[in-house]
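J.: show me how the following folds:
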Amino acid sequence: MHPRHAPADASPQARSIHARPGVGMAAHVLQGRGLEILRMRMDQPALILVDQGTKTVRSERGASARARPGQAIVIDGQQTVDFTNAVPEGVEHYEARWLVFDTALLEDPGYQACAAQLEQQHASVRLLPKVAAPLASAFERAAQALAPDAALPVSIARLRLLEVLHWLLEQHGMALRAPQAHADVSAKVRALIAGRLDTEWTAGRIASALA
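T.: As a prediction, this is how the structure comes out:
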């Protein structure tokens, strides 16, 4: 992964990431200047809502999407993508919110049954031209359920992320597919760290966890 900052002032940046194993991850990104991240590996699918600025995603599979405020991008798992976050003239900053869905959610029988009944759009990167109120509300509740101070059982947090997946189905005909399992060591390391972001990982601890 190779980040590149676009020329701009030294405005402060803020990022927060929260995860619950077996459920997913939520992130909030705030930047005062543009940023380009090349060849970022996405092991699990994600939904990104853009609040300020623009975000462009380009997949190694050839698909691309550019989202403006009020729009969103859906990204399939098991692929490498390039990100470009831009702050157009007259805009104070770039801001976006993420939800990353654990594979266990995509294997939920109820979700799979609903997905099988709907005509779906298939692409490695997809644009949502407008984020309707029900999806936006479900997204916010899911992000809150993943916060470190959330006093919610894992089962409830899981249902809240599933609600987001079902709104994508109902409103946009989009189903996120469970990525095929990969046995390579790099994939195992990424999955281990993503599931326990609050752990201070060292090479020795990772080696022990993976036996």
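
J.: where in the protein is the helix or strand with the lowest mean pLDDT?
T.: Sorting the helices and strands of the chain by mean pLDDT, DSSP states H and E puts strand 2-5 at the bottom, at a mean of 50.

J.: name the next helix or strand downstream of that strand, please.
T.: Next helix or strand after strand 2-5 toward the C-terminus (DSSP states H and E): strand 14-20.

J.: can you tell me the strand partners of that next one and which way each runs?
T.: Its sheet considered, strand 14-20 pairs with strand 24-31 (antiparallel) by DSSP bridges.

J.: tell me which residues of the partner strand are tucked away?
T.: 24-27, 29-31 (16 or more other CB atoms under 10 Å). The C-beta positions use only the backbone N, C-alpha and C, and glycine is treated the same way.

J.: cool, stretch 141-154 as well?
T.: Buried residues in stretch 141-154 (16+ other CB under 10 Å): 141-143, 145-146, 150, 152.

J.: check these and tell me the two furthest apart.
T.: 143 and 152 (12.0 Å; CB to CB).

J.: do you know how far the residue most central in space within the chain is from residue 203?
T.: In the chain, the residue lying closest to the centroid (CA atoms, centre = their mean) is residue 46, at 3.0 Å. From residue 46 over to residue 203 the distance is 27 Å, taken as CB to CB, to the nearest Å.

J.: how much does the longest helix seen in the chain deviate in direction from strand 24-31?
T.: Determined from DSSP state H, the single longest helix within the chain is helix 154-172. With axes from the mean of the first three to the mean of the last three CA atoms, to 10 degrees defining the directions, helix 154-172 sits at 70 degrees from strand 24-31.

J.: shaky segments in this structure?
T.: 1-12, 119-122, 179-199, 201, 206, 209-210 (pLDDT under 70).

J.: all strands for it, in order.
T.: Counting by DSSP state E, the chain has strands at residues 2-5, 14-20, 24-31, 35-42, 46-52, 54-59, 64-67, 72-75, 79-86, 94-101, 125-128.

J.: ok and the second one relative to strand 94-101, angle-wise?
T.: In this structure, strand 14-20 runs at an angle of 10 degrees to strand 94-101, with the same axes, to 10 degrees as the basis.

J.: ok, and for strand 14-20, which residues are buried?
T.: Across strand 14-20, burial judged by 16+ other CB under 10 Å covers 18-20.
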